[in-house]
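**Student:** the sequence isn't on hand, but the structure is:
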């Protein structure tokens, strides 16, 4: 009796885990579809996308284009890993040409290895045309994520409120409630690549280097679901074999 109860309880857990992974699969596929749908839209003026965001529209991964001047002396760094290399994404405030509001632009990645050797950072001056995709401010990604260090301008996750507070006083803090990830103009559909100014390409020894607008979204939930259901099936087989052997002995 005890064996049957334990086996039934374990079976419920395994089937439940498999079903949960299928639910996660459905959610992840919806997320990927939403990202791809956003990236397929033509680049729109940032002011229009910001207005749509304030109206409650989902503007994540929408391609945008805007003009402004970078404030390089107020940039902050956000920890990132690119292709297995640890480093930092450089988030530089951009003062928009229209209206004077600001937005943090992720200009790209700088490897940690350059921390002690002062890498050559491209810091374009004057009015710039920026092409990118919208990224929403996330909540803290994990309990294992280190605490941000606003006083040092180092962050381990995008925290807009503290990123602004680390570089500005309240009278200057007129920031759009979103981020822009700069990308090469050729990565934005619906626009002629030669008609848009792209971020500095980041040649040999020149940083930061803009990343692909498509996030690396892991989707192995079907594999996990099959694993849990397979374990459940194996448990049924072991239980049946055990009960069969026990009856033969009696």
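**Tutor:** Cool, the structure landed. As the structure is a prediction and not an experimental result, all values here were calculated from the model. Residues are numbered from 1 along each chain as shown.

**Student:** quick one: neighbours of the closest residue to residue 38 other than its chain neighbours, just the number.
**Tutor:** Closest residue to residue 38 apart from its sequence neighbours, by Cβ to Cβ, 6 or more residues apart in numbering: residue 61 at 3.5 Å. For every residue, glycine as well, the C-beta is placed using N, CA and C. Look at residue 61: counted by other Cβ atoms under 10 Å, it has 21 neighbours.

**Student:** okay, now the unreliable bits of this structure?
**Tutor:** 113-119, 138-142, 171-172, 184-205, 212-216, 248-250 (pLDDT under 70).

**Student:** where do the strands sit along it?
**Tutor:** For the chain, the strands defined by DSSP state E cover 44-45, 63-70, 76-82, 85-96, 102-111, 120-121, 128-135, 154-155, 175-182, 206-207.

**Student:** can you say which of those strands is nearest to residue 5?
**Tutor:** Closest approach to residue 5 among those (Cβ to Cβ): strand 76-82, 45.7 Å.

**Student:** what's the closest one packed up against?
**Tutor:** strand 85-96, strand 102-111, strand 154-155, helix 160-167 (3 or more Cβ pairs under 8 Å, 6 or more residues apart in numbering; DSSP states H and E).

**Student:** can I get these in TSV with mean neighbour count and distance to residue 6?
**Tutor:** Formatted as TSV, those follow (neighbours: other Cβ atoms under 10 Å; distance: least, Cβ to Cβ, whole Å):
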stretch	mean neighbour count	distance to residue 6
strand 85-96	20	45
strand 102-111	23	51
strand 154-155	18	48
helix 160-167	18	49
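
**Student:** can I get these in JSON lines with distance to residue 182?
**Tutor:** Shown next, in JSON lines, are these (distance: least, Cβ to Cβ, whole Å):
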{"stretch": "strand 85-96", "distance to residue 182": "9"}
{"stretch": "strand 102-111", "distance to residue 182": "5"}
{"stretch": "strand 154-155", "distance to residue 182": "17"}
{"stretch": "helix 160-167", "distance to residue 182": "16"}
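
**Student:** from residue 101, how far off is the residue nearest to residue 38?
**Tutor:** Distance of residue 61 to residue 101, computed by Cβ to Cβ, to the nearest Å: 21 Å.

**Student:** between the strands of the chain, which one is closest to residue 245.
**Tutor:** strand 76-82 (51.3 Å).
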